[in-house]
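>>> Pasting a predicted model and its sequence here:
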Amino acid sequence: MTPPNALRTITLAAIFLVTLTGALLAEPAHQLVARGNEAFSAGDYEKALSLYEEASVELPESAQVYFNRGAVLYKQENYEKAIEEFKDAALKSVEPGLTSRAKYNLGNCAFRQAQRQRDSDLKEAVEKCQESIAFYREARDLDPEYKKAAENIEIVRLYLKVLFDEQKKKEEQNDKEQEDNLVAKLKKLLKRQLELRDENEELAEKTPNGSDPAAAQGWQESLKELSAEQGNLHDDTSGVLEEIGQTKSGMEQQAAQAGQNPASPPQPQDPQQPPPPSKEQLEEMVKKLAAAEQHVTNALSNERGAADQLAAFARKSAARNQEQAAKHIEAAIESLASPEDEQQQKQEGDQDQEQNQDDQEKKEGEDSKDGDESQEKQDEEKKEKEGEEEKNEEQEESREGDPKAEEERRERARMEQVDDILNEAKKNQKRLPVRPGQLVPVDRDW
């Protein structure tokens, strides 16, 4: 990413050359340095470096020659070697002004290294920025009037804030990805455990009797295969448990370091980006991971027991362990759920509850309607029956004294008497004991 425009001012007047005076040096060395300076100004850095090298033969301890070689290497973007030259120049210099300029250029080199490391290693880039600020401060302390050093300190501090923002954002993203990754892996483990439990339950329906040795052997082989799959699941669960432990250790280290601001510059505060997790938030995440770790440890114990019991053909005991293992894994997933996930689950649960309530009310309304219709129908039938009885009574009253009507009443009375006798006989027949050898039909209640 291109640095802010203000950062470009770092290179303005940052690299300058030192002209050697003939009063102090031999003429040949003076001429070599002067020619090197001309080549430098023309952009011929290879020639300039060669001329400075020649001058160093006569002047191996010259701070000025070291300084100018560092300037050429800086232009060639060979910052590591440029740093060596500027450090030697600062060490050998007896002039505070030259030492200040050497420190200033060391700050420039460190900053350019920080820019190179930004995309590949943010931590290294931050350290290089801090080195850069330290060099600029040394330059300013040696020459309080050196305004460029003070300006560059502020510029690099702004750049360092951007790096801190990126670093925190990347750490948060990595932490979130780790948690999401763990939850996804735990969900896969849960799915596999439930499938193995279902396979075990299916084998219960295929339990052979002792009269078929071949079927019994096949059933046992199926249990052995299921035991092997349960063992594989145990190994995979163990791997996830190790990941949870590593993630928890990383979170504990972050919590221990939270709140510790670097010496320079201060922690950035960008309102457009979410703030980094606080120490309390990190400690809460550690608690969640610890809870998940314990649940997965319990699941491991149940998975191991299920595998051993399946190998021993103890299918029912294995099924209980499989069920417990699934519950522990599910509890681990719930432990790692983020507040957003918990809120979503709560909303889904509330929606399901509302839907069930609506369905229940609808059903009760339909039942009530059916009950009202049934009651209305019964009332109508009762009313019709009462009407018919009243009509019959009226007809009977109107036909009193009629011989034919009297005969019909006697006939109905005889039929009612016959019906009573038949009904009584049926009741007595049910009370009779069962004769030996006689089969009595029985209603099946299973």
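Right, received. Where do you want to start?
>>> mean confidence for the helix or strand containing L194?
Assigned by DSSP states H and E, L194 falls within helix 147-205. When pLDDT is averaged along helix 147-205, the result is 84.
>>> name the helices or strands packed onto the helix or strand just after that helix?
Next helix or strand after helix 147-205 toward the C-terminus (DSSP H and E): helix 213-257. Judged by 3 or more Cβ pairs under 8 Å, 6 or more residues apart in numbering; DSSP states H and E, helix 213-257 is in contact with helix 147-205, helix 279-311, helix 315-336. All C-beta atoms are positioned from the backbone trio N, CA, C, and that covers glycine.
>>> Does anything pack onto the helix holding L194? Which helices or strands?
Using 3+ Cβ pairs under 8 Å, 6+ apart, helix 147-205 sits against helix 96-117, helix 122-142, helix 213-257, helix 279-311, helix 315-336.
>>> mind running it again at 7 Å?
helix 96-117, helix 122-142, helix 213-257, helix 315-336 (3 or more Cβ pairs under 7 Å, 6 or more residues apart in numbering; DSSP states H and E).
>>> Leaving out sequence neighbours, find the closest residue to A325.
N302 (3.7 Å; Cβ to Cβ, 6 or more residues apart in numbering).
>>> Could you do P208 as well?
A215 (3.7 Å).
>>> again, but for E229
L196 (6.0 Å).
>>> do G107 as well
Computed as Cβ to Cβ, 6+ apart, the closest residue to G107 that is not its neighbour in sequence is F135, at 3.6 Å.
>>> And the pLDDT for that neighbour?
On the pLDDT scale, F135 gets 95.
>>> Domain map for the protein?
As given by automatic domain parsing, the domain ranges for the chain are 5-145, 173-203+222-253+277-348.
>>> Figure out which of those is closest to K161.
The closest of the domains of the chain to K161 is domain 5-145. By Cβ to Cβ, the value is 9.8 Å.
>>> ok so, going back, could you dump the helices and strands packed on helix 213-257 into TSV and include distance to T247 and mean neighbour count?
Below are these laid out as TSV (distance: least, Cβ to Cβ, whole Å; neighbours: other Cβ atoms under 10 Å):
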stretch	distance to T247	mean neighbour count
helix 147-205	5	17
helix 279-311	6	20
helix 315-336	10	20
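>>> Of these, give the one that comes closest to Y104.
Y104 lies closest to helix 147-205 among the helices and strands packed on helix 213-257, at 5.5 Å (Cβ to Cβ).
>>> Just want the angle from the closest one to helix 96-117.
Angle between the axes of helix 147-205 and helix 96-117 is 20 degrees (criterion: axes from the mean of the first three to the mean of the last three Cα atoms, to 10 degrees).
>>> Quick one: end-to-end distance for stretch 204-213.
By Cα to Cα, to the nearest Å, the extent of stretch 204-213 from end to end equals 17 Å.
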